[in-house]
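Chemist: sequence and predicted structure, then a few things I'm wondering about:
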Amino acid sequence: MLDTVVNWFAAHPQFTAALIASVKAIVILLVTVVVAAWMIWLERRLLGLWQDRYGPNRIGPFGLGQVIADMVKIFFKEDWLPPFVDKFTFILAPGLAMGLMLLMFALVPVTPTWGVADFNVGVLLFLAIAGLEVYAVMLGGWSSNSKYALLGGLRVTAQTVSYEVFMGIALMGIVMLAGSFNLRDIVVAQAEHGWYIVPQFFGFCTFVLAAIAVVHRTPFDLPEAESELAAGFHTEYSGMKFGMFFVGEYVGIVLVSAITVALFFGGWSGPGVDSHPWLAFPWFAIKCLVFMSSFILLRASLPRPRYDQMMAAGWKVCLPLSLINLLGTAAVVVARSHGA
Amino acid sequence: MTFFFYLAAAIAIAATLLVITGRNPVHALLNLVVSLLAVAGMFFMLGAPFAGALEIIVYAGAIMVLFVFVVMMLNLGTATTDQERRWLTPKTWFAPAVLAGLLLAGLLDVLLGGPLHAAGLAEIDARQVGVHLFGPYLLAVELGSMLLLAALVAAYHLGRHD
């Protein structure tokens, strides 16, 4: 019986390859969602540590069960649809928020053999999906048909559109150095030439600022600034729809960390990976964890800027800086190719 | 692949029809976004991933966002929906529809009569696009950038606070 199954798979190599790829994709998807959910626990514990208190520590060892308890609670909450909302877009928005974030994970090269898709225009697709991501919060804000939500939606749109402009430009320096839009090629190029954080330091600074603004995390969480706007674009949301916005934000943090690691910190490469290929994933995971924790540290240490200060910093500091970085990198690349 | 191409084409046409007949401006714009995404999908299937990605980044991700942003800021409410309903009477759309139908007939005649060109035989990547833009089409790129700069300066002037 087992032999016939094995023989059948051996006789259909294309089907077997597709099956293995699908299983890998599903595993990556599930791991991402689970990691994103436990980010909530990590964030609350770390914030507690830095603020000299405990944080959630009652349920399970170290309070790890808190996330499960919260999920159970949120699943059983009444999923209330306010009568004044635009129903279709109101329901569509949280799904978009989480779905598009998860879709971007298809582009992340996890290890040499693991990863969902291998696009030649990977960096561009990342920017494209990040650009579509803004519809989620925008529609959430508009469809709620309430003032606070609308103001939050307007803020998030202006912020995301402004910061996306130089997010793309900040990444083009890397594309020039690696000579490819393919994220996997970029990781491999870094294993040869060293991490791009060194030659692309300004690109790194502007990209991380833009990434924080695009996933609207503190200190750039003005769209949901509770002191001014109640809860911003998701004021009217409750139950699981709110949960999707909430988890979507954490998926965004995991994603931005993974992309930053792949683009600037050599992805899976690290000491000992060549001789022990199984070390690839631990290196990738450790690097991602460092970035995820630093996102939380940012939240714990920095106050919110004023909205106009934030927009001015984007247009007047980050955009020129990334343009100069682009020109400088281009000059170096051209000079090198002529010298060689 | 051919099936998915025609599927994307059908989605693009249906979504565009919904843009025209839609009464709620935000819903109409969302249909336009779907239509643009379908066109981007067709670019991918035709072996032009760079054009497809740019279609999403520039049209769906930036221009349409600004459209939705403006409509959101105006926050038109139900009054415009009623206005749209009154405007969409047969008397209004009949004559333009006939003219557009004539154009379509002419286009179909040309497309079906002439020799068909095969598409999607080779994948055009970003490198080739760049080589062509900054090679044979350099003058057009420079002219386009000057036009955009002029638009930028004009927008800055209009947006000044004095």
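Modeler: Ah, there it is. Numbering: from 1, shown residues only, chains lettered A, B, ... in the order given.
Chemist: residue A:57 against residue A:65, yeah?
Modeler: No: between residue A:57 and residue A:65 there is no contact under C-beta atoms under 8 Å: 10.4 Å. Where you see a C-beta, it was placed from the backbone N, CA and C, and this is true even at glycine.
Chemist: now the lengthiest helix in chain B, how far from the centre of its chain.
Modeler: The helix that spans the most residues within chain B, counting by DSSP state H, is helix B:90-113. Centroid separation for helix B:90-113 versus its chain: 19 Å, with C-alpha atoms, centre = their mean, to the nearest Å.
Chemist: repeat that for stretch A:40-51.
Modeler: Distance, stretch centre to chain centre, for stretch A:40-51: 20 Å (C-alpha atoms, centre = their mean).
Chemist: only C-alpha atoms, please: export it in CSV.
Modeler: Extracted in CSV, the C-alpha atoms of stretch A:40-51 (Å, rounded to 0.1, in the frame of the first residue of the first chain):
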residue,chain,number,x,y,z
ILE,A,40,1.2,40.5,21.4
TRP,A,41,2.5,38.6,24.4
LEU,A,42,6.1,39.5,23.7
GLU,A,43,5.2,43.2,23.4
ARG,A,44,3.2,43.2,26.6
ARG,A,45,5.9,41.4,28.5
LEU,A,46,8.7,43.5,27.2
LEU,A,47,6.8,46.7,27.8
GLY,A,48,6.2,45.5,31.3
LEU,A,49,9.9,44.8,31.8
TRP,A,50,10.9,48.2,30.6
GLN,A,51,8.3,50.0,32.6
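Chemist: need the contact partners of it.
Modeler: For stretch A:40-51, the external contacting residues (C-beta atoms under 8 Å, 6 or more residues apart in numbering or on different chains) are A:54-57, A:62-64, A:66-67, A:70, A:246-247, A:250, A:292-293, A:296-297, A:299-301.
Chemist: can you pull out the helices in chain B?
Modeler: Counting by DSSP H, the helices of chain B are B:2-21, B:25-45, B:49-54, B:64-74, B:78-87, B:90-113, B:126-133, B:138-158.
Chemist: is stretch A:150-161 anywhere near chain B?
Modeler: Yes: applying C-beta under 8 Å from any C-beta of the partner chain, one finds that stretch A:150-161 is in contact with chain B at A:150, A:153-154, A:157-158, A:161.
Chemist: so what's the residue count around residue B:73?
Modeler: Residue B:73: 14 surrounding residues under other C-beta atoms under 10 Å in any protein chain shown.
Chemist: thought it was touching residue A:154?
Modeler: Yes: shown here, residue B:73 and residue A:154 form a contact pair, counting by C-beta under 8 Å, at 6.3 Å.
Chemist: buried members of the contacts of stretch A:40-51 into ChimeraX, please.
Modeler: Those of the contacts of stretch A:40-51 that count as buried under 16 or more other C-beta atoms under 10 Å in any protein chain shown are selected in ChimeraX with:
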select /A:55,56,63,66,67,70,246,247,250,292,296,299
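Chemist: of the contacts of stretch A:40-51, list those near chain B.
Modeler: Checking these against chain B by C-beta under 8 Å from any C-beta, not one of them is in range.
Chemist: next structured bit after the worst-scoring helix or strand of chain A on mean pLDDT?
Modeler: Among the helices and strands of chain A, helix A:226-229 carries the lowest confidence by mean pLDDT, DSSP states H and E, at a mean of 68. For helix A:226-229, the following helix or strand on the C-terminal side (DSSP states H and E) is helix A:239-264.
Chemist: who are the packing partners of the next helix or strand after that next one?
Modeler: Next helix or strand after helix A:239-264 toward the C-terminus (DSSP H and E): helix A:280-301. Judged by 3 or more C-beta pairs under 8 Å, 6 or more residues apart in numbering or on different chains; DSSP states H and E, helix A:280-301 is in contact with helix A:13-50, helix A:239-264.
Chemist: against residue B:59, how distant is the one residue in the stretch 1-150 of chain A that gets nearest to chain B?
Modeler: Nearest residue of the stretch 1-150 of chain A to chain B: residue A:131, at 2.4 Å (C-beta to the nearest C-beta). Residue A:131 sits 10 Å away from residue B:59, going by C-beta to C-beta, to the nearest Å.
Chemist: what of residue B:82?
Modeler: Per C-beta to C-beta, residue B:82 is found 30 Å from residue B:59.
Chemist: more crowded one of those two?
Modeler: Taking other C-beta under 10 Å, residue B:82 and residue B:59 do not tie; residue B:59 has more neighbours (19 against 11).
Chemist: surely that one is in contact with residue B:37?
Modeler: No: the pair residue B:59 / residue B:37 is not scored as a contact, 9.1 Å apart, by C-beta under 8 Å.
Chemist: what touches both of these two?
Modeler: With the criterion set as C-beta under 8 Å, 6+ apart, the contacts of residue B:59 and residue B:37 do not overlap.
Chemist: got any ranges where the stretch 101-250 of chain A has weak pLDDT?
Modeler: In the predicted model, the stretch 101-250 of chain A carries pLDDT under 70 at residues A:222-228, A:230-231.
Chemist: how about a cut-off of 90?
Modeler: The model of the stretch 101-250 of chain A has pLDDT under 90 over residues A:101-206, A:208-250.
Chemist: equivalent analysis for chain B, please.
Modeler: Under the criterion pLDDT under 90, the flagged ranges of chain B are B:1-9, B:16-30, B:41-97, B:107-136, B:155-156, B:159-162.
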